[in-house]
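[1] Here's a sequence, model it:
(chains A and B)
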Protein chains: 2
Amino acid sequence: MILTVTLNTALDVTYRVDRLRPHGSNRVRAKAERAGGKGVNVARVLRALGREAVVTGFAGGTAGAALRRELAEAGLPERLLPIAGETRRTVAVVDESAGDTTLLLEPGPTVPAEDWERMLHHLGRLLPGAAAVVLSGSLPPGVPEDAYGRLVRLAHDHGVPAVVDADGAALRAALAAGPDLVKPNADELAAATGLADPAAAAAALLDGGAAAVVASLGPDGLIASTPQGSWRARPPRPLAGNPTGAGDAAVAALTLGLVDATPWPQRLAEAVALSAAAVRAPLAGDFDPDVHRRLRPLVDVRPLHPPRSA
Amino acid sequence: MILTVTLNTALDVTYRVDRLRPHGSNRVRAKAERAGGKGVNVARVLRALGREAVVTGFAGGTAGAALRRELAEAGLPERLLPIAGETRRTVAVVDESAGDTTLLLEPGPTVPAEDWERMLHHLGRLLPGAAAVVLSGSLPPGVPEDAYGRLVRLAHDHGVPAVVDADGAALRAALAAGPDLVKPNADELAAATGLADPAAAAAALLDGGAAAVVASLGPDGLIASTPQGSWRARPPRPLAGNPTGAGDAAVAALTLGLVDATPWPQRLAEAVALSAAAVRAPLAGDFDPDVHRRLRPLVDVRPLHPPRSA
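    Okay, the predicted model is just below:
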């Protein structure tokens, strides 16, 4: 079982409008609600690949209840911890004529200190059954900045490898604890290191404490910096579509590669193919299985440097 | 007790953003939720005036539950009828820098025929305790187009006067049943009659079956067409602010005038003052009591025609 931790879960709401009239009145044609947050998307991808995943994090209020209901309907097992606060909603207003989306992101609920302590105990009970733990997304207000550092250490205390998909202070705090993999995107990588060159920046995060670094470069694929070597993995061509959730699909593939000890080039090819397949699906957490199958043998994986001395 | 019927209730959600970026990503700074729908606003105004009001209509799902909770917190008694569908939300995105609002209006839940029949029985039990009934707002899908006509007749069967605030087909169907008052706005009045002149259009609705017609003309005040005479009532000066809920405040004042048998000129002055006071309050259903008190003696009420023969 792979445990995905989403401390700042969300109920993702999609509104479809014919044409968005800013500062006017807009009739919503269709509405959909779905459990969201990066770790939830990772779990959804893992489940679609036939692997066991369990979702945890905080959930509260009516949005939290709707989120749990949707996870149950989707057959995604969850061990979410109830909190008194109301889980945030994200509202995606899809403009059918412009073909783009306006996002409205509610702030997360404030998590009291005692709920954070409860989460540590809760994870202490869940981790013994996990092959890996994925720590994804932003931290809600109230959770300490070094939360991911503490969770990486907790995972390692239980002999469980930890994958971190975070940015800013949360990513920096995780590095010090030696996560088994960090997966920033290009902007997060540059912001965390101050380096414009992705390969140099990824190497800097490796030096900073991560056991492996894979950065997602959008339509350009991935770059990996590991003690076994550095690679660049590219899709055969950039794909147009919905980039939300593409990074989460890459995290799912990379976590499976870690659990299954797949060789790095194969791991990266799988991550690029799954990520591109996610771009071709309209909702975060979904992917197009045909695109996935078709692209996997076509991903171009090349070493960037000779392997470091082991 | 005044009974307000809102068949298409809503949970009104307000998002405050620094500056709305259409087609971009927007962090919501503050969020508020409140029970909404025109009849709910009317009841809120009546309660603030120290009068007893009871809210009814349909409510369902998590939004319906949140709506009921907020009514309880506000001390507004409700006898909402539960339905299986999810009550709609309206999302008002307030752009703090532009000072305006983008509205996203979800469609209402479809009301099954058996729930509409249940509502008729439910109102049959509530009407004997009511001094008047207010029928406000749009009809949710599934409710017959002549719903307000049927409800006006039901009220009259119980000897209860009925006030209708509706437009289009719902307003036309109500007219045939002889409502005691209809309160269209200028656009609804023109659309219902095809007449550009508000005084002629109001007189046409009177001929169409309404016992009295008061049309709200926005910052220009009200126009009334009744068997006792026709009047124009104007605020001393137009007030800038939030027009949402101003019509509902006018309906609250006009319904009280009906119940208390206040002379028409006094009734109209009160409606204009309360409506202007609602414009000065940020949320629909609220009004500024100082503006209300100060404006009441300053409203200019003039007869339009000599009274019709009684």
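[2] count of neighbours near the closest residue to chain B within the stretch 201-310 of chain A?
    As assessed by CB to the nearest CB, chain B sits closest to residue A:244 within the stretch 201-310 of chain A, at 10.3 Å. All C-beta spots, glycine's among them, are computed from the backbone N, C-alpha and C. By the measure other CB atoms under 10 Å in any protein chain shown, the count of residues near residue A:244 is 22.
[3] Buried ones in the helix or strand hosting residue A:40, by neighbour count?
    When elements are assigned from DSSP states H and E, residue A:40 belongs to helix A:38-48. Neighbour-count burial for helix A:38-48, counted by 16 or more other CB atoms under 10 Å in any protein chain shown, picks out A:38-48.
[4] The helix or strand just after that helix: how far from the chain's middle?
    From helix A:38-48 onward toward the C-terminus, using DSSP H and E, the following helix or strand is strand A:53-59. The chain centre lies 13 Å from the centre of strand A:53-59; the measure is CA atoms, centre = their mean, to the nearest Å.
[5] And the contacts of the first helix or strand past strand A:53-59 going along the chain?
    Sequence-wise, the next helix or strand downstream of strand A:53-59 (DSSP H and E) is helix A:61-73. With contact meaning CB atoms under 8 Å, 6 or more residues apart in numbering or on different chains, helix A:61-73 is reached by A:9-11, A:33-36, A:40, A:55, A:58-59, A:77-78, A:80, A:82-83, A:85-89, A:109, B:62-63, B:65-66.
[6] buried set for helix A:61-73?
    Under 16+ other CB under 10 Å, the buried positions of helix A:61-73 are A:61-68, A:70-71.
[7] per-residue confidence averaged over the helix or strand just after it?
    As assigned by DSSP H and E, the chain's next helix or strand after helix A:61-73 is strand A:81-82. Taken as a whole, strand A:81-82 has an average pLDDT of 98.
[8] Residue A:198: neighbour count?
    When neighbours are counted by other CB under 10 Å, residue A:198 registers 23.
[9] wait, isn't it in contact with residue A:224?
    No. Judged on CB atoms under 8 Å, residue A:198 makes no contact with residue A:224 at a distance of 10.4 Å.
[10] Who are the contact partners of residue A:161?
    With CB under 8 Å, 6+ apart, residue A:161 has these contacts: A:132-133, A:155, A:180-181, A:258-259.
[11] Can you name the residues of the stretch 1-150 of chain A that neighbour chain B?
    Within reach of chain B by CB under 8 Å from any CB of the partner chain, the stretch 1-150 of chain A has these residues: A:15, A:17, A:20-29, A:31, A:62-63, A:65-66, A:91, A:93, A:95, A:98, A:100-107.
[12] Only whichever of these are buried, select them in ChimeraX.
    Per 16+ other CB under 10 Å, the buried members of the residues of the stretch 1-150 of chain A next to chain B correspond to this ChimeraX selection:
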select /A:15,17,20,22,26,28,31,62,63,65,66,91,93,95,101,102,103,104,105,106
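[13] Can you report how many residues lie near residue A:187?
    The number of residues packed near residue A:187 is 11, by other CB under 10 Å.
[14] Now name the helix or strand holding it.
    Going by DSSP H and E, residue A:187 is in helix A:186-193.
[15] So which other helices or strands are in contact with the helix or strand following that helix?
    With elements assigned by DSSP H and E, the helix or strand that comes after helix A:186-193 is helix A:198-208. Other elements packing on helix A:198-208 under the criterion 3 or more CB pairs under 8 Å, 6 or more residues apart in numbering or on different chains; DSSP states H and E are helix A:168-175, helix A:186-193, strand A:213-216, strand A:222-226, strand A:229-234.
[16] make it 7 Å
    With contacts taken as 3 or more CB pairs under 7 Å, 6 or more residues apart in numbering or on different chains; DSSP states H and E, helix A:198-208 sits against helix A:186-193, strand A:213-216, strand A:222-226.
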